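Engineer: let's see this in three dimensions:
(one chain, ligands or ions: 1)
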Amino acid sequence: MYKITLPEKDTPKKWYNIVADLPVELPASSQTKEGQQLENLPKIFSKYVLEQEMSQERWIDIPKEIRNVYKQVGRPTPLFRATGLEKYLDTPAKIYYKREDMSPVGSHKLNTAIAQAYYAKKAGAERLTTETGAGQWGSALSLACSLLGLECTVYMVNVSFKQKPYRKTVMHLYNGEVIPSPSDRTDFGRKILKEDPNHPGSLGIAISEAIEDALTDEKVFYTLGSVLNHVLLHQTVIGLEAKKQFELIDETPDVLVGCVGGGSNFGGAAFPFMKDKISGDLDCEFLAAEPSSCPTLTQGEYRYDYGDTAGLTPLMKMYTLGHDFVPPSVHAGGLRYHGMAPLVALLVNQGLIEGRTVNQTEIFKTGKIFANTEGVIPAPETCHAIKVGIDEALKCKKTGEEKNILISFSGHGLLDLQGYDDFIEGHLTQ
Ligand SMILES: *Cc1c(COP(=O)(O)O)cnc(C)c1O
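Structural biologist: Next up, the predicted model:
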């Protein structure tokens, strides 16, 4: 069996909310010094996603309209067996990968973009604002807005804006407006530019700008592509489908690997399986792969911090490198974030998820091996997960164990060819 597919009718009807099954209570997001931030939330988010953000319900219905758009963009996605990679590694392990790269925008991010655009429109929004690092989230939200009839403004981290010009083209094709951040559109952007006109930008800064923009008009809502509970909730379609796909072949994963920026593809893939681990029905290891240059889980502190640089978000309890940390401009732009989803952070803190670091030269080597053996060119972010999956498969080679390894294949790398080219030409420094 090379690929396990599900019919359209098996597109999930409910999202899974792991908050209902956590081993300890999730620490609440808290009021900040100025006391303003929580009051701001209803101005920038629709009441529907705020309800989901706080919800304790285990299962949350996916509205029919959202399910239909999920199907329109290709859900359910297939689960592939990486037979070529297994052969290359000469491992007894079985490696599976859940293909979120097959979405039209090339990543998992459309799963929440569609849901957020739908709820914002239902709450009366005409335009959405957001930030984007590498450009995948901006592309996903631009497409979701286009499909659902909304305008979209994307603040794109300045270095990525320069490094990845074709991402801008994708967003423009989907009618998104793209502004390099820091920008002169907002007070916060102007302040940063005054201090350093060539500031490379960061996700934290772009978030601050997008929130400031959304606060100025009640028909404008803000959306976040990762980190928050409702985003991870929407992404559980990945794991729910994968679980069904494993049931079809009468197997379960022994190791589940995903890369983590803010934690959404990992959480989405992992939580439906984590449910069974918490209840004692599944014996599976959960591994979260992060870049060595932005080692949030492995070197960060578990404490309250802001989600953005300016401190406009509520304080969240998470692993953090500090909200003013500016990560180096690595090619895996989607993993350059100082914090981590509070839900993923809590499970790491409880010892149910383990963080692993991967460095930049390894990821492109990994991407090349994967392309050679499976045909798919992975996103640099996704390569982190594959690398950790390969490490596990090589351990199996030593021990002879036939483990099932599930990789959350978050996206393809066809818009990351500059990074691959730098690697092939030997221009990568770290
Ligand atoms: C955005 C992105 C990531 C990182 O974001 P998470 O919220 O941690 O999933 C990983 N892979 C790809 C392809 C992405 O686009």
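Engineer: can we go C-alpha only for contacts and neighbour counts from here?
Structural biologist: Fine.
Engineer: what sits against residue 412?
Structural biologist: Applying Cα atoms under 8 Å, 6 or more residues apart in numbering, one finds that residue 412 lies in contact with 101, 102, 106, 107, 376, 377, 378, 379, 382.
Engineer: report pLDDT for the fifth one.
Structural biologist: Think residue 376. Per-residue pLDDT puts residue 376 at 98.
Engineer: and for the last one?
Structural biologist: According to the predicted model, the pLDDT of residue 382 comes to 97.
Engineer: what of the second one?
Structural biologist: Reading off the per-residue confidence, residue 102 sits at a pLDDT of 97.
Engineer: wait, doesn't it sit right on residue 77?
Structural biologist: Yes - using Cα atoms under 8 Å, residue 102 is in contact with residue 77, at 7.0 Å.
Engineer: quick one, which of those two is more surrounded?
Structural biologist: Taking neighbours as other Cα atoms under 10 Å, residue 102 and residue 77 compare with residue 77 leading, 24 against 20.
Engineer: how many other residues sit next to the closest residue to the more buried one other than its chain neighbours?
Structural biologist: Among residues not flanking residue 77 along the chain, residue 99 sits closest, at 5.9 Å (Cα to Cα, 6 or more residues apart in numbering). Residue 99: 24 surrounding residues under other Cα under 10 Å.
Engineer: show me what residue 99 is bridged to.
Structural biologist: Listed beta-bridge partners, residue 99: residue 409 (assigned using DSSP bridges).
Engineer: how near is it to the ligand?
Structural biologist: The spacing between residue 99 and the ligand, counted by Cα to the nearest ligand atom, to the nearest Å, is 11 Å.
Engineer: same check, this time on residue 97
Structural biologist: 13 Å.
Engineer: check the secondary structure at that residue for me.
Structural biologist: Using DSSP: H, G, I helix; E, B strand; the rest coil, the structure places residue 97 in strand.
Engineer: next: residue 340.
Structural biologist: Classification of residue 340 using three-state DSSP returns coil.
Engineer: surely it meets residue 264?
Structural biologist: No - using Cα under 8 Å, residue 340 is not in contact with residue 264; the gap is 9.2 Å.
Engineer: more crowded one of those two?
Structural biologist: With other Cα under 10 Å as the criterion, residue 340 and residue 264 differ in neighbour count, and residue 264 comes out ahead with 32 against 28.
Engineer: how about the contacts made by the more buried one?
Structural biologist: 226, 227, 231, 232, 235, 341.
Engineer: what's the answer for residue 354, then?
Structural biologist: The contact partners of residue 354, taken as Cα under 8 Å, 6+ apart, are 286, 287, 288, 348.
Engineer: measure the closest residue to the last one other than its chain neighbours to residue 286 for me?
Structural biologist: Excluding its sequence neighbours, the residue lying closest to residue 348 (Cα to Cα, 6+ apart) is residue 354, at 6.0 Å. The spacing between residue 354 and residue 286, counted by Cα to Cα, to the nearest Å, is 6 Å.
Engineer: for the ligand, what's its nearest residue on the stretch 301-430 of the chain.
Structural biologist: Among the residues of the stretch 301-430 of the chain, residue 411 lies closest to the ligand, at 3.7 Å counting by Cα to the nearest ligand atom.
Engineer: give me the spatial nearest neighbour of residue 204, chain neighbours excluded.
Structural biologist: Closest residue to residue 204 apart from its sequence neighbours, by Cα to Cα, 6+ apart: residue 308 at 4.0 Å.
Engineer: which neighbours do residue 102 and residue 77 have in common?
Structural biologist: Common neighbours of residue 102 and residue 77 (Cα under 8 Å, 6+ apart) do not exist.
Engineer: can you list the low-confidence ranges for this protein?
Structural biologist: Along the chain, segments meeting pLDDT under 70 span 31-39, 329-330, 333, 429-430.
Engineer: thanks a lot, catch you later.
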